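K.L.:
Got a predicted structure plus its sequence, pasted below:
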Amino acid sequence: MTTRPFRVEFVCTGNICRSPFAEYYARSTWGSEITVTSSGTAAVVGHRATETMRDIASDEFGIDLNPHRARQARTDAEVDLYLVMTDHHLETMRTLAGESTRVLPLTPDGVADPYGLDRSTYLTIACQIARAVDNLGMTVRVS
C-alpha cells in the first residue's frame with residue numbers, strides 16, 4: 001500500500017508575495033516527502049509573483065519564483081495543513097475548510113504584507129518566512 005505525501009498549503013491574500021515565497025522556499029528545504037502549494041484568499045488567478053519578491057527569492061535564496069501563478073484559496077480534501085499569514089487568513093480558511101481541517105498561523109504574530117513596499121521590507125518578510133519554514137520543517141515531517 002502506497003501512502004501519499006503529507007500536503008501543506010501556504011495562504012496569504014493575493015498569492016503573489018508571501019505564500020509563493022513560502023511555497024517555493026519550503027519545497028527547496030523540506031524535500032519531496034511533503035507536497036507544498038500556495039494560494040490566496042483574494043488572488044487574481046494567473047498573476048505572477050511580484051518582481052521584487054522574484055528578485056529577493058533569486059538573489060538572496062537562490063529560488064526561482066518565475067513558474068509561479070496565483071491560485072485562489074479553496075478547500076481541498078488532499079490538503080493536510082493550511083499555514084496562513086495573518087489572523088484574517090486564519091478566519092477565512094477555517095470558514096472555507098471547516099473546523100476539522102488543520103489551519104494554523106505560520107508565525108504567532110503574523111506575517112505582514114510587503115506588497116507595494118520597498119525591497120528592504122520584502123527582504124525582511126522573506127527572512128521571517130524562511131525562519132518560520134525552517135522551524136516548522138521537522139514538526140511537519142512528524143505530523
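P.N.:
Now that the structure is in, tell me what you want to look at.

K.L.:
Per-residue pLDDT of residue 94, please?
P.N.:
pLDDT recorded at residue 94 is 91.

K.L.:
In contact with it, which residues are there?
P.N.:
For residue 94, the contacting residues are 101, 103, by CB atoms under 8 Å, 6 or more residues apart in numbering. C-beta here means a position set from N, CA and C on the backbone, and glycine is covered the same way.

K.L.:
ok, the residue nearest to residue 115 when sequence neighbours are not counted - how many residues close by?
P.N.:
Excluding its sequence neighbours, the residue lying closest to residue 115 (CB to CB, 6 or more residues apart in numbering) is residue 17, at 5.4 Å. Residue 17 has 28 neighbours, counted by other CB atoms under 10 Å.

K.L.:
With residue 101 as the reference, measure out to residue 17.
P.N.:
Here residue 17 is placed at a distance of 24 Å from residue 101 (CB to CB, to the nearest Å).

K.L.:
So what's the residue count around residue 6?
P.N.:
17.

K.L.:
for this structure, which spans come out with low pLDDT?
P.N.:
Residues of the chain that meet the criterion pLDDT under 70 lie in 1-2, 100, 138-143.
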